[in-house]
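Student: this is a predicted model, with the sequence first.
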Amino acid sequence: TNQGFAKDELAADGTSGPYQLSNTNILAQSELVIVETRDRVRADVVLERRELTRFRDYTIDYLTGRLIFNFPVALSDANFNPNVIVVDYETSEETERNLTIGGRLQATLLDGRLRVGTNLISEEGSALAAGSLKRLAAVDALVQIDEGTQLRMEYAISDDAAQPGSADAKLVELTHTSRRLSGEAYFREEQAGFGLGQTNSNTNSIRRYGLRGSIQLSEYTTQDSARRATRSLEASVYREDNLTNGSNREAGEVTVTQRTDRLTLSAGLRAARDRLVGVGAGVRQSLLALVRANYTIPRLGLTLIASREQPISDNNEVSDLPERTIVGLDKQLGTYATLNIRHEFFETGLTSGSNTAVGFTVRPWSGAMITAASDLVDDASARRLGGTLSLDQELQLSERWAASAGIRSRRIFARSMGVGNEFIQVAPDAAVSALETNEDFGAAYAGLSYRDELMVASIRGEMRQSTQEDSYILTASVARDLNDELSIAGTTRAAWLNPDQGDVREQIDVRLAFAWRPEGGRLAILNRTDFGHLSGDTQGTRTKWVNNLAANTLIGDRAELSVNHGIKYVREDLNFGRHDALVNLVGLETRYDISPTLDVGFAGSVLFDDEGNRSWSYGPSLGVTPAENMWLSVGYNLEGFDDPDFADAEMRRNGLFMKLRMKFDEQTLSGLLRQISPGQNAGPAPHQLPLARQFEYAY
């Protein structure tokens with residue numbers, strides 16, 4: 001294969017993007033996009049992990065590596081823990097092809113209480129490092145000591161022919177959980193350069209070991225109100241070593257917490273000592289007293305929050321552990337939405353400032369943002385057209401109206417002087433959040449959406465201001481059924497960067513589409529128009545307009561005819577001159593059913609521009625229906641061409657191609673459910689089902 005693995009970690013900046021991946025020519029549909037909320041002190045502790053879905057939550061340009069979300073990705077959660085966008089994907093460069101091979105062997109012993117395994121992987125080069133051999137070998141064991149105690153051990157080693165030596169990783173973890181006691185002892189080390197490009201930066205080149213545990217001290221019922229209350233003790237101590245620069249941290253914390261139905265109180269101590277090497281070298285220390293309180297008023301759906309971290313030593317210099325005061329509230333809005341407000345003041349011996357966060361939290365959280373998407377429209381045709389119209393977390397104002405909003409802000413009141421006194425972490429991750437720098441930052445957005453039986457529409461404005469760059473983004477979308485046969489949809493995204501600083505960059509993208517599908521008719525027409533304008537780029541200004549039209553009609557009972565027309569106009573005002581191009585594409589395809597399960601077809605296309613250049617694509621294909629609602633076609637283009645703006649329409653490259661189509665609806669899935677679990681509800685009655693969904697994979 002010529003494919004290589006890659007991983008990017010991008011700090012969320014409070015907007016929907018675009019976010020630029022480190023590679024281009026990405027293998028289509030290979031990406032896994034995740035938003036992680038990482039602890040602000042310990043980057044390796046992931047507090048929340050949300051896996052996103054393409055089109056519903058984001059769009060990606062596989063040629064350029066640009067990632068745009070359908071919602072602003074908040075800088076942090078309500079408690080100022082930074083959000084990190086993690087993208088795993090594969091590259092597909094036109095380079096040499098090499099062999100990748102791997103396997104796993106696993107055995108379960110001692111009546112299931114012991115599991116041991118080994119992994120072996122070999123990559124003989126990739127698109128990212130052609131010609132180099134990378135290997136990895138690993139062994140692991142999981143021991144169930146008793147019902148609540150588990151021991152986990154792993155060791156792995158890897159090497160790269162392009163780099164000297166090898167690197168290894170070790171993990172030993174002992175956990176215990178019972179009714180009153182839970183605890184963990186752990187050791188984890190991952191040397192720099194370990195792995196095959198799949199490890200996270202929050203564990204790479206870092207050694208961590210420590211203990212943490214919680215014990216329930218007492219449980220009782222108060223005499224005055226007959227409310228249940230518990231007291232618990234939580235403690236942790238750990239050390240982390242940066243294997244790259246030699247810096248290390250020793251830290252510990254102990255807290256006592258009392259919880260009742262309405263009030264939660266915590267008090268304790270936290271201490272840390274950083275030994276820094278290189279920039280800012282020296283020893284930094286902090287010792288703080290902790291007090292936290294949460295009070296809930298169920299009648300009002302309101303929770304009040306306050307916390308204080310007060311230094312009790314002469315030194316207060318550890319960047320992650322400043323003197324800190326947080327006040328805030330959570331207000332329940334309806335059944336699923338909560339308004340979150342937090343304001344934080346912080347000060348170390350070097351820097352002081354504040355952070356502000358305002359936003360909505362919508363539950364239940366099903367692994368992705370709540371969307372005002374296609375399923376809000378009853379008609380199936382509008383559902384297909386409106387598939388990318390989505391908002392993020394929404395507050396339902398009424399049956400038809402919903403709103404969304406969010407604010408993240410950081411203000412520095414006093415800055416330390418000198419590079420060595422800036423914000424320094426012993427074991428940071430690669431994604432540097434705006435909350436981890438001594439710079440002013442602000443991001444806000446507000447959105448409004450409307451839906452009824454025939455239409456869904458939304459509009460959202462975003463703003464981001466920092467010392468590095470200002471940006472403003474406006475997004476608007478609409479999808480509507482004009483009647484039972486005709487549906488329209490449109491979306492617009494406009495972004496302006498640095499409009500107040502003289503270096504203006506502007507990008508505007510507009511998409512308009514309509515679908516005409518008469519019920520029971522023999523003719524269907526689809527049309528989509530895309531307009532894009534980019535100015536202020538280092539290469540100049542670029543404007544592009546593309547229109548794609550597709551029509552399909554039945555000829556008798558056994559034949560059909562499809563017509564495609566695409567037109568593209570591109571104008572580029574570059575630093576070295578102006579260039580205009582007008583390109584047309586005309587395509588025809590006809591298919592004939594030889595039998596109920598076998599059909600033949602022939603397709604032809606011509607691509608021509610205003611300078612007289614022409615390219616042809618034509619060839620036969622054979623289709624077969626191996627099962628109901630499934631169609632497989634294999635064809636061969638005797639001639640072919642490739643144009644990225646028309647690539648999604650049909651298979652026009654020279655050579656062999658294959659298409660697979662499957663059509664399914666709720667009734668089809670209900671039949672599958674009955675086979676898997678005959679005792680379960682089979683689903684809605686057939687007369688309640690909407691029109692079938694259809695998707696296609698083409699290779």
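Tutor: Looks like it arrived, so ask away.

Student: element containing Leu554?
Tutor: strand 540-555 (DSSP states H and E).

Student: could you point out the helix or strand that follows that strand?
Tutor: Next along from strand 540-555, by DSSP H and E: strand 559-574.

Student: got a list of contacts for that next one?
Tutor: With contact meaning CB atoms under 8 Å, 6 or more residues apart in numbering, strand 559-574 is reached by 539-555, 578-593, 605, 643, 645-646, 649-650. No exception for glycine: its C-beta is placed from N, CA and C like everyone else's.

Student: given it, what are its sheet partners and their directions?
Tutor: Using DSSP bridges, strand 559-574 pairs in its sheet with strand 540-555 (antiparallel), strand 577-595 (antiparallel).

Student: tell me which of these sits nearest to Glu173.
Tutor: Proximity to Glu173, assessed across these by CB to CB, is greatest for strand 540-555 (52.8 Å).

Student: and that closest one, what's buried?
Tutor: Of all the residues in strand 540-555, those buried under the rule 16 or more other CB atoms under 10 Å are Gly540, Arg542, Thr543, Lys544, Trp545, Val546, Asn548, Ala550, Asn552.

Student: same deal with stretch 61-71?
Tutor: Residues Tyr62, Gly65, Leu67, Ile68, Phe69, Asn70, Phe71 are the ones in stretch 61-71 that count as buried (16+ other CB under 10 Å).

Student: might you list the low-confidence residue ranges for the stretch 351-500 of the chain?
Tutor: Low-confidence regions of the stretch 351-500 of the chain, defined by pLDDT under 70, span residues 362-395, 414-422, 499-500.

Student: tell me where it has strands.
Tutor: With strands called from DSSP state E, counting those that start in this stretch, the stretch 351-500 of the chain shows them at 352-362, 395-396, 401-414, 441-451, 455-466, 470-481, 486-497.

Student: output those as JSON lines; include the columns distance to Thr244 and mean neighbour count.
Tutor: Shown next, in JSON lines, are these (distance: least, CB to CB, whole Å; neighbours: other CB atoms under 10 Å):
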{"stretch": "strand 352-362", "distance to Thr244": "28", "mean neighbour count": "19"}
{"stretch": "strand 395-396", "distance to Thr244": "45", "mean neighbour count": "18"}
{"stretch": "strand 401-414", "distance to Thr244": "27", "mean neighbour count": "18"}
{"stretch": "strand 441-451", "distance to Thr244": "27", "mean neighbour count": "20"}
{"stretch": "strand 455-466", "distance to Thr244": "28", "mean neighbour count": "20"}
{"stretch": "strand 470-481", "distance to Thr244": "33", "mean neighbour count": "20"}
{"stretch": "strand 486-497", "distance to Thr244": "33", "mean neighbour count": "19"}
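
Student: out of the ones you listed, which comes closest to Glu628?
Tutor: Across the strands of the stretch 351-500 of the chain, closest to Glu628 is strand 486-497 (CB to CB), at 27.5 Å.

Student: of the buried residues of stretch 61-71, which is the nearest to Ala427?
Tutor: Leu67 (26.6 Å).

Student: ok, and the closest non-adjacent residue to the closest one?
Tutor: Leaving aside its sequence neighbours, Leu67 sits nearest to Tyr19 (CB to CB, 6 or more residues apart in numbering; 4.4 Å).

Student: show me the contacts for the one you found.
Tutor: Counted by CB under 8 Å, 6+ apart, Tyr19 has contacts Leu10, Arg66, Leu67, Ile68, Phe69, Ile85.

Student: rerun at 10 Å
Tutor: With CB atoms under 10 Å, 6 or more residues apart in numbering as the criterion, the residues that contact Tyr19 are 8, 10-13, 33, 58, 60, 65-69, 73, 85, 87.

Student: same check on Asn202?
Tutor: 9, 36, 38-39, 42-46, 84, 86, 427-431.

Student: of those, buried ones?
Tutor: In the contacts of Asn202, the ones that pass as buried (16+ other CB under 10 Å) are 9, 36, 38, 42-44, 46, 84, 86, 427-429, 431.

Student: Serialize those residues to a markdown table and add fields for distance to Ile459.
Tutor: Formatted as a markdown table, the buried ones among the contacts of Asn202 follow (distance: CB to CB, whole Å):
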| residue | distance to Ile459 |
| --- | --- |
| Glu9 | 31 |
| Glu36 | 29 |
| Arg38 | 32 |
| Arg42 | 39 |
| Ala43 | 36 |
| Asp44 | 39 |
| Val46 | 33 |
| Val84 | 28 |
| Val86 | 30 |
| Ala427 | 42 |
| Pro428 | 37 |
| Asp429 | 35 |
| Ala431 | 30 |
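
Student: on that earlier part again, so the residue nearest to Leu67 versus Tyr62, what's the distance?
Tutor: Counting by CB to CB, to the nearest Å, the separation of Tyr19 from Tyr62 is 14 Å.

Student: tell me the pLDDT of the residue nearest to Leu67.
Tutor: At Tyr19, the model reports a pLDDT of 92.

Student: partners of Asp61 in the sheet?
Tutor: Residues in beta-bridge contact with Asp61 (DSSP bridges): Arg66.

Student: can you tell me how far it is from Tyr472?
Tutor: Asp61 is 21 Å from Tyr472, by CB to CB.

Student: just Leu435 next, same as before
Tutor: 22 Å.

Student: over to Gln106?
Tutor: Applying CB to CB to Gln106 and Tyr472 gives a distance of 53 Å.

Student: could you do Leu638 as well?
Tutor: Between Leu638 and Tyr472 the computed distance is 51 Å (CB to CB).

Student: how many neighbouring residues does the closest residue in space to Arg249 that isn't next to it in sequence have?
Tutor: Using CB to CB, 6+ apart and skipping residues adjacent in sequence, the residue nearest Arg249 is Val426, 4.2 Å away. Using other CB atoms under 10 Å, Val426 is surrounded by 24 other residues.

Student: same question, Leu243
Tutor: 17.

Student: ok, it - contacts?
Tutor: Per CB under 10 Å, 6+ apart, neighbours of Leu243: Ala167, Glu189, Glu190, Gln191, Ala192, Asn204, Ser205, Ile206, Arg207, Ala427.

Student: now a ChimeraX select for only the buried ones of those.
Tutor: A single ChimeraX command selects the buried members of the contacts of Leu243 (16+ other CB under 10 Å):
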select :167,189,190,191,204,205,206,207,427
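
Student: in JSON lines: the contacts of Leu243, plus distance to Leu598 and secondary structure.
Tutor: Listed next are the contacts of Leu243 as JSON lines, based on distance: CB to CB, whole Å; DSSP: H, G, I helix; E, B strand; the rest coil:
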{"residue": "Ala167", "distance to Leu598": "56", "secondary structure": "strand"}
{"residue": "Glu189", "distance to Leu598": "61", "secondary structure": "strand"}
{"residue": "Glu190", "distance to Leu598": "56", "secondary structure": "strand"}
{"residue": "Gln191", "distance to Leu598": "59", "secondary structure": "coil"}
{"residue": "Ala192", "distance to Leu598": "59", "secondary structure": "coil"}
{"residue": "Asn204", "distance to Leu598": "55", "secondary structure": "coil"}
{"residue": "Ser205", "distance to Leu598": "59", "secondary structure": "coil"}
{"residue": "Ile206", "distance to Leu598": "60", "secondary structure": "strand"}
{"residue": "Arg207", "distance to Leu598": "64", "secondary structure": "strand"}
{"residue": "Ala427", "distance to Leu598": "63", "secondary structure": "coil"}
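
Student: who's Val606 bridged to?
Tutor: Beta-bridge pairing of Val606 under DSSP bridges involves Val586, Trp616.

Student: re earlier: and the strands of the stretch 351-500 of the chain as CSV, adding distance to Ile567?
Tutor: CSV is the format used below for the strands of the stretch 351-500 of the chain (distance: least, CB to CB, whole Å):
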stretch, distance to Ile567
strand 352-362, 42
strand 395-396, 42
strand 401-414, 37
strand 441-451, 33
strand 455-466, 28
strand 470-481, 24
strand 486-497, 19
